[in-house]
Structure formats: C-alpha cells, structure tokens
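S.K.: model this:
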Amino acid sequence: MKKHHFAICVLLLIGINVHLHPQIYHWENISNQIPGDSLNNLSDVFVPNRWAVYASSLSYSEIYRTDFSPIPWEVLQTPSPVIAFGMTDYENGFICGIDSSVYLTTDAGITWIYFGTLEESINDIDIGSDPFYLEGFVCGNNGVIGVIEDTGLVIIQSGLATDFIRVSAPMEDKVWLVGDSSVYLYDGITFSKQFTSNVKLNSLYFWNELYGLVVGDSGYIAKTTDGGNIWTQKQNPDPSNRNLNDIYFVSYFGFTVGDNGLILETTDAGETWLLDTGQLTTNDLQAVHIAGGGVEWGPGLVVGKNKTVLLYPIIVSVDDKAGPADNFYLYQNYPNPFNPKTNIKFQIANSGFVGLKVYDILGNEIATLLNEEIQSGTVEIEFDALGLPSGIYFYQLQAGSFIQTRKMVYLK
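M.R.: Numbering: from 1, shown residues only. A predicted model of the protein is given here:
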C-alpha cells in the first residue's frame, strides 16, 4: 500500500529503555481541505516526508497532494481511479488502478506512464525505498502477484484459490500476503500458508524478516516475532470490536484504523494498544501512513470513505533515559508544524560555547537563538517565527566539534 521501511529501529530489537514524550498529540479532521464532493471515497495515503502528503481517490481518476503551505491541495489527474499507491520518495512511485494496471510517475504525480497489467483486480502495492531502483510487489485476486522490476511488471501465479488483498515485503524473498482469513509467505520461489485466523484479515505490516502484525474484522490484532510461524493475539481496547482495515508503523510507534472512525495507537511495537476516543468521524477509515524513521516521525495521515482525511500533525520524538552528561543531542522541535512559536531542546555533555541558529530553505541565517557559554545539561529555547513566511526552516546546534541540524515547518 505504501513505501516500506526495511529496517526496524535498533531500539526495538535490542530493547534499549526508551520513552515517548507525553502524548498530548491529537488527530485533526481536515476533510474540508480536499477538493470535491462528500461522496468521494479515498482509498490510500502516502506521506513521503514531513512536508508533503498524497491521498488517492477510488471514486475519481485523481490523487491529491499538499506540502502544508497556504497553497490548497492540488488535484492531479490519473489514468484510472486508484485502489492503492506507493512511492519511494516525493517524486517517484506507482499507482494501482481499478483497471488492473500499474502506472509510474517520476515527476510527483504530474504525469503517469503505463507500467504493466496484472490481468486480475489489483488490491495493494508495497515498494522499496530506493528512488534509483524502483522495485516492489503488487497483489491481486485469484492468487496473483506482480513483481515490480526496472524492466517492467513480472506476473507470478501462486496457484492458490484466494484473493490477496494486502502485501508487505520487507525483503525480496520475504513477501507476506493476506488473503481471506490467512497469512501467506512468498520466499521468491514458493508460496506457503503460515497462519489462519477465525476472522477475515484485512491488512498486515512487517518491519523485517521476523517482526510483523496483522489486523482484521471484529477488532482482531495478532503479532509474530519469528517470521510468521507463531502468532499471538493482542488485546483490543475497542469495546465495539469494530473491523480494522489498515496498519502502519515507524519503528515501534504505529496506528491501526477501521470502521466507524476507529483509531488505535501503540507505542511499544503492537504489544499494547490505546483507543483514540476523539471520534472525529463516523466514516469508515481505509488507510493510514506515517512519515519518518529513526528517533522522530510524523505527520501521520488517515483517509477513508466520504472524503475523510485526518491529520496527526506533530512530529513525535523519542529519547533514551541517559543523563545530560552522556552525550550531545539536538531534539526535534515541538510542536511541529508550529504557528508561530515552537520549543527547541538540546543537551550537551560538556560546558562550553554553544551556538543555536535558524536558517531558511536557501541557507540564509534567520535568527541566532543562542551564542554563549553554557553549562552541561539540557536546555530548551523558544523560537518565535512571527513575521516570517510559512515554509521549511532549519535549526543548527554547534557545541565544539559537535554539529547537528534538523528541519521544522512553520504553518500559519
């Protein structure tokens, strides 16, 4: 359904003691920003970075794009209504149309080039992260998958009498598929059924060759830590057990979304889940995607029926519980995007001269927030962008030989 992050965060694998900043972040309903009528059913979403998002329509031959600037969402025409799409970056990617065809863009969705036909209804796509070597997998009805190679779409018949509705491919020889109530593995040669639940399964996500989750009807959630051989069902806090339709992660932080506006959140790689009680919509939610990786991520976007779009606008940051003297570190600003004020925090291991400056996207210095001797420890400074235009800015910390730069978004 979207770009797959191939490497699970090291923090998850080795169990370093981490914590999230207090969860004061909230979803926002921005459905009225999307052009068109309320009957427009949105099928998929992709967030290539923290300053751009795409959403696709199942009702019309178009996708929508914004960079969070004052410019409204752009409407980009497609050869067919879109069932699923994924991109390697802002400019390069694919859409899967309801016409069973795959189309390629290399100019951020302005033009689309026919790439191949699966010959069966296509249901999902998962592609790699290298814009110079577009590769990935699509899946469809009657047990058919397609391999996206640089030479075109290669069709593979599984011989299984099932419709593959979701695909997650962290590696080219580790391709997991969902069909009906079962999870299947394609190892590059053969297909095998790994697991069957007692409900219909709707989506899955694998970080790597070991860790994955699957969600389905009646609020079903299960996790594997051994490549799909053993699955453990996880507790769902939703008292109504609404159907779950999609799931996505960045490191151990993720969301699953479902019918009647259901959103669940996890901060521990799917071991426990929290119910979002905001209930911003009663429409069925179809897809979720989150930008980022490493120690910060966001924004997140959810799309669904009746032109539903929900935004999770804040970049979440993670830090370990090491003391201030253990290292140098520049944290992601909070909130982000911001208007007009945001807080910038950093820690330094040794007392000394420290500089903290803000630059615009062209590299022009906008503000000097700090330029003096300070003691070792953690410092937090407020930046006020009042009077500046909306857009992307950079802030840079320099302490001795240590230099670190981060991006932030000013959104009026």
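
S.K.: what does stretch 386-405 contact?
M.R.: Contact with stretch 386-405 is made by 51, 69-70, 328-330, 333, 340-341, 344, 346, 348, 350, 352-361, 366, 369, 383, 385, 406-412, as judged by Cβ atoms under 8 Å, 6 or more residues apart in numbering. For glycine as for every other residue, the C-beta is placed from the backbone atoms N, C-alpha and C.

S.K.: at 7 Å what do you get?
M.R.: Defining contact as Cβ atoms under 7 Å, 6 or more residues apart in numbering, one finds that stretch 386-405 is touched by 51, 69-70, 328, 330, 333, 340, 344, 346, 348, 352, 354-361, 366, 406-412.

S.K.: hmm, which of those are the buried ones?
M.R.: By neighbour count, with 16 or more other Cβ atoms under 10 Å, these hold 51, 69, 328, 330, 333, 344, 346, 348, 354, 356-358, 406-411 as buried.

S.K.: re the thing from before, narrow the contacts of stretch 386-405 to those in strands?
M.R.: 330, 344, 346, 348, 352, 354-360, 366, 406-410 (DSSP state E).

S.K.: low-confidence ranges in the stretch 51-200 of the chain?
M.R.: Counting by pLDDT under 70, the stretch 51-200 of the chain contains low-confidence ranges at 68-71, 129-134.

S.K.: From Tyr184, how far out is the residue nearest to the spatial centre of the chain?
M.R.: Taking Cα atoms, centre = their mean, the centroid of the chain lies closest to Ile290, which sits 2.3 Å from it. Separation of Ile290 from Tyr184 (Cβ to Cβ, to the nearest Å): 26 Å.

S.K.: Could you give the bridge partners of Asp408?
M.R.: For the record, residue 408 is Met, not Asp. Tyr393 (DSSP bridges).

S.K.: Tell me who's in contact with it.
M.R.: Asn333, Asn336, Phe338, Thr342, Tyr393, Tyr395.

S.K.: pLDDT at the nearest residue to the fourth one once chain neighbours are set aside, what is it?
M.R.: Here the nearest residue to Thr342 in space, its sequence neighbours aside, is Asn333; by Cβ to Cβ, 6 or more residues apart in numbering that works out to 4.6 Å. Reported pLDDT at Asn333 in the predicted model: 90.

S.K.: re the thing from before, do you know how far the residue nearest to the centre of the chain is from Tyr410?
M.R.: Ile290 is 21 Å from Tyr410, by Cβ to Cβ.

S.K.: what's Gly261 sitting at in phi/psi?
M.R.: phi 70, psi 20 (degrees, to the nearest 10).

S.K.: what does Asp259 give?
M.R.: According to degrees, to the nearest 10, Asp259 has phi -70, psi 150.

S.K.: Kindly state the pLDDT recorded for it?
M.R.: At Asp259, pLDDT is 98.

S.K.: got it, and Leu12?
M.R.: 30.

S.K.: Then Ala269?
M.R.: We have a pLDDT of 85 for Ala269.

S.K.: Nearest residue to it in space, ignoring adjacent ones along the chain?
M.R.: Tyr252 (3.8 Å).
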